[in-house]
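**Student:** Only the shape, not the letters, is given here:
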């Protein structure tokens with residue numbers, strides 16, 4: 001697996017590069033935004049570790065440009081306590097975030113969880129519920145026959161919801177399955193990605209209900225949504 005680290009902290013990059021290479025990854029580092037974007041756009045990487053604060057071009061702008069034509073997983077590094085950075089990163093399509101300072105083992109665990117989600121999986125067959133169709137083979141989503149662009153993580157969340165249509169899928173269960181960690185009261189990752197799915201899929205008719213204090217339910221029909 002090839003990882004790209006984009007961070008202007010050269011000492012941190014050297015530490016992470018040595019640690020992650022011992023974990024079996026091929027790691028490259030760049031220290032400014034413009035170089036990071038150019039290298040990321042060349043392709044060949046399995047995941048990008050991207051700092052928010054960078055010289056030349058910040059991490060948000062890099063992520064925004066990447067998401068225009070790429071679904072490559074991105075793990076954002078944010079300043080501790082800067083909740084707005086985490087929210088903006090998720091809004092722009094980051095797969096996860098990690099506040100600085102952090103333990104390299106925590107970073108490794110996050111990387112493994114993201115890469116595990118992106119591994120090829122056995123084709124579980126196409127499924128369609130309430131006008132939303134999902135094909136794991138091609139990882140394509142359609143709404144009333146029209147294609148919908150979703151990120152890798154949005155697809156995985158939607159698949160869990162749609163295959164459990166009519167039943168409540170807990171937020172904790174989604175966190176454990178997709179991030180390999182427990183949810184915390186302040187972790188907005190799942191909520192933000194579900195919010196993105198709603199905007200892309202619903203178009204005036206709700207298909208994903210929030211079950212307050214528990215999780216989410218994919219509606220099997222417009223009538224079920226109306227009764228929520």
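**Tutor:** Looks like it arrived, so ask away. The model shown is predicted, which means the values in this text are computed figures rather than measured ones.
**Student:** Residue 77 - that's part of a helix, no?
**Tutor:** No. Applying DSSP: H, G, I helix; E, B strand; the rest coil, one finds residue 77 to be strand, outside a helix.
**Student:** Run a quick neighbour tally on it.
**Tutor:** If you count neighbours by other Cβ atoms under 10 Å, residue 77 ends up with 25. Any C-beta I mention is one placed from the backbone N, CA and C, and that applies to glycine too.
**Student:** Who is it paired with across the strands?
**Tutor:** Beta-bridge partners of residue 77, counted by DSSP bridges, are residue 51, residue 98.
**Student:** For it, report the pLDDT, please.
**Tutor:** Looking at residue 77, its pLDDT stands at 93.
**Student:** Tell me where the longest helix sits in the chain.
**Tutor:** The longest helix of the chain (DSSP state H) is helix 104-118.
**Student:** Mind checking what helix or strand follows that one in sequence?
**Tutor:** Later in the chain than helix 104-118, the nearest helix or strand by DSSP states H and E is strand 127-129.
**Student:** Now do the helix or strand just after that following strand: distance to the chain's middle.
**Tutor:** Toward the C-terminus, strand 127-129 is succeeded by strand 132-135 as the next helix or strand (DSSP H and E). Offset of strand 132-135 from its chain centre (Cα atoms, centre = their mean, to the nearest Å): 19 Å.
**Student:** Which secondary structure elements does the helix or strand following strand 132-135 sit against?
**Tutor:** Using DSSP H and E, the helix or strand that follows strand 132-135 in sequence is strand 140-143. When contacts are defined as 3 or more Cβ pairs under 8 Å, 6 or more residues apart in numbering; DSSP states H and E, strand 140-143 sits against strand 132-135, strand 146-148, helix 189-201.
**Student:** Which positions within strand 140-143 qualify as buried?
**Tutor:** Buried residues in strand 140-143, defined by neighbour count with 16 or more other Cβ atoms under 10 Å: 141, 143.
**Student:** And stretch 128-141, by the same measure?
**Tutor:** 129, 130, 132, 133, 134, 135, 136, 141.
**Student:** cool, and stretch 77-97?
**Tutor:** So stretch 77-97, judged by 16+ other Cβ under 10 Å, has buried residues 77-78, 82, 85-90, 92-97.
**Student:** Just want the phi and psi numbers for residue 159.
**Tutor:** Per-residue torsions, residue 159: phi -60, psi -40 (degrees, to the nearest 10).
**Student:** Please report how far it lies from residue 55.
**Tutor:** 39 Å (Cβ to Cβ, to the nearest Å).
**Student:** one step back: lowest-confidence entry in the buried residues of stretch 128-141?
**Tutor:** Among those, residue 136 has the lowest pLDDT, at 87.
**Student:** one step back: determine which two of the buried residues of stretch 128-141 are furthest apart.
**Tutor:** Pairwise distances across the buried residues of stretch 128-141 (Cβ to Cβ) peak at 18.0 Å, for the pair 130 and 136.
**Student:** can you list the weak-confidence ranges in this protein?
**Tutor:** 80-82, 120-123, 183-186, 203-204, 223-228 (pLDDT under 70).
**Student:** Nearest residue to the middle of it?
**Tutor:** Compute the mean C-alpha point of the chain, and by Cα atoms, centre = their mean the closest residue is residue 95, 2.2 Å away.
**Student:** Now do the same contact list for it.
**Tutor:** 73, 74, 75, 114, 151, 152, 153 (Cβ atoms under 8 Å, 6 or more residues apart in numbering).
**Student:** Tabulate the residues you listed (JSON lines), appending distance to residue 166.
**Tutor:** Output for these, formatted as JSON lines (distance: Cβ to Cβ, whole Å):
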{"residue": "73", "distance to residue 166": "30"}
{"residue": "74", "distance to residue 166": "33"}
{"residue": "75", "distance to residue 166": "33"}
{"residue": "114", "distance to residue 166": "29"}
{"residue": "151", "distance to residue 166": "25"}
{"residue": "152", "distance to residue 166": "25"}
{"residue": "153", "distance to residue 166": "23"}
